[in-house]
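Visitor: Sequence first, then the predicted structure:
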Amino acid sequence: MSNQSKSSGVSRRGFLKALGVGGAGLLVPAGAAAQERVPASGPGELATLLDLSKCIGCGECVLACREANASKFPEPAKPLPAPLPSGRAKNEDWSDKRDLDDRLTPYNWLFIQTAEVEHGGQQWEINIPRRCMHCENPPCANLCPFGAANKQRNGITRISDKLCMGGAKCRAVCPWHIPQRQSGVGLYLHLMPRLAGNGVMYKCDRCYQRVDQGELPACIEVCPEGVQTIGPRKEIIEQAKKLAAEMQGYIYGLEENGGTNTIYVSPVPFDKLNQAVAKGPGRPHLGPVKDTMADETNLATATLLAPVAGIVAGMIGAGAALFGERPVDKEDRHEK
Ligand code: SF4
Ligand code: SF4
Ligand code: SF4
């Protein structure tokens, strides 16, 4: 028997009223009408809550993500330049596999994992939308040697396609190995095509332009089941704890990697889900994660890198202008 809890049946208006929120304190559940807005500024970091008891795995969110972000997808120059050092570096080319939707790629920033598990004497099918967790203290941003990955004040972590050299440090240090590389695009082609970098890294940027306009991220807006809710981090955490208590469920993302801005609530323990889902490159796990940036070596590296990355970003920006690229500005560095 498959078991998925049903929607609470509380209307959206009633839901907001019951929470007593509005304006800057807005919590916006999935399936919200298009006119509903995310606060563009004010509440600090925004977080998302995903109620896994509601997800039916329809994939509408995956399609919406592709459509909303299609203009950001890479268009590599071919043939791809041979990477150096040969034998150690290799090109990664997803441009002929743009339709792949069962893992993360530079052209697919969100996918659905499915777990079939037994729990509490019942069989469950749990669908889990997976993308960047938007960590509180993101190692991808703290340890990027080029200053290409940054965290905005509203909690969104982004990788600039104008600054990224595709060295994939972000993927190596991300506990879920989320960013995915496309070779044959980016500044490395102009600056050091055979010596440094190997493309550009791509991942969910939480639809930052839409959020800046006060709109919902595409995957949240389109969901027919109201799986996701977005709002100020503190309120999302309260909501997640309340939901978990109501369903006698479990939370993922609150403590993992020191805390993230993506909070999953599930009626089935995450260690069971983690055992059941397909894992590997582009298919992140759901296991325990210690706080990466609490590691002394990483802390020291981040401290050393912070000023260097800024200088390198400036130099790369100058290089971009020299080679006819649009000059790198504050927008690219996410200095907002
Ligand atoms: S659109 Fe909603 S219900 Fe459908 S797969 Fe995505 S999160 Fe799940
Ligand atoms: S999940 Fe990975 S890519 Fe996303 S913010 Fe955290 S460290 Fe960065
Ligand atoms: S927030 Fe935007 S970029 Fe991220 S998965 Fe959803 S639709 Fe895609």
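Guide: Sure, I can see it. Ligands and ions are numbered 1, 2, ... in the order given.

Visitor: Within range of ligand 2, give me the residues from the stretch 51-200 of the chain.
Guide: 132-135, 138-140, 157, 174, 176, 178-179 (Cβ under 6 Å from any ligand atom). In this view, the C-beta of every residue, glycine as well, is placed from N, C-alpha and C.

Visitor: Check the stretch 201-336 of the chain too.
Guide: Checking the stretch 201-336 of the chain against ligand 2 by Cβ under 6 Å from any ligand atom, the hits are K203.

Visitor: that older thread, relative to ligand 3, which of the residues of the stretch 51-200 of the chain next to ligand 2 is nearest.
Guide: Using Cβ to the nearest ligand atom, C132 is the member of those that lies nearest ligand 3, at 6.8 Å.

Visitor: who's in contact with the closest one?
Guide: 109, 157, 178-179, 203-206, 262 (Cβ atoms under 8 Å, 6 or more residues apart in numbering).

Visitor: leaving aside the residues next to it on the chain, what's closest to it?
Guide: Leaving aside its chain neighbours, C132 sits nearest to C204 (4.1 Å; criterion: Cβ to Cβ, 6 or more residues apart in numbering).

Visitor: Would you report the backbone torsion angles of whichever residue of the stretch 51-200 of the chain sits closest to ligand 3?
Guide: In the stretch 51-200 of the chain, the residue that lies nearest ligand 3 is C65 (3.1 Å; Cβ to the nearest ligand atom). The phi/psi pair for C65 (degrees, to the nearest 10) reads phi -60, psi -40.

Visitor: Name the residues of the chain found near ligand 1, please.
Guide: Checking the chain against ligand 1 by Cβ under 6 Å from any ligand atom, the hits are 55-61, 112, 127, 129, 223, 225, 227.

Visitor: could you pull out the strands for the chain?
Guide: 28-29, 46-51, 111-119, 122-130, 149-151, 157-159, 180-182, 200-202, 228-232, 250-252, 262-266 (DSSP state E).

Visitor: Tally up the residues packed near G249, please.
Guide: Per other Cβ atoms under 10 Å, the neighbour tally for G249 reads 20.

Visitor: Tell me how far the spatially closest residue to K272 that is not a sequence neighbour lies from L286.
Guide: Excluding the flanking residues, the one nearest K272 by Cβ to Cβ, 6+ apart is V117, at 4.8 Å. For V117, the distance to L286 (Cβ to Cβ, to the nearest Å) stands at 12 Å.

Visitor: so what sits against both of the two?
Guide: By Cβ under 8 Å, 6+ apart, the residues touching both V117 and L286 are L273.

Visitor: Tell me which of those two has more neighbours.
Guide: Each of V117 and L286 has its neighbours counted (other Cβ under 10 Å); L286 has more, 25 against 16.

Visitor: pLDDT of stretch 168-178, averaged?
Guide: Averaging pLDDT along stretch 168-178 yields 96.

Visitor: Could you tell me the end-to-end distance of that stretch?
Guide: 10 Å (Cα to Cα, to the nearest Å).

Visitor: which residues are in contact with it?
Guide: Contacts for stretch 168-178 (Cβ under 8 Å, 6+ apart): 104, 131-133, 138-141, 143-145, 149, 159, 179-181, 198, 201, 203-204, 256-257, 281, 284-285, 289, 292, 298.
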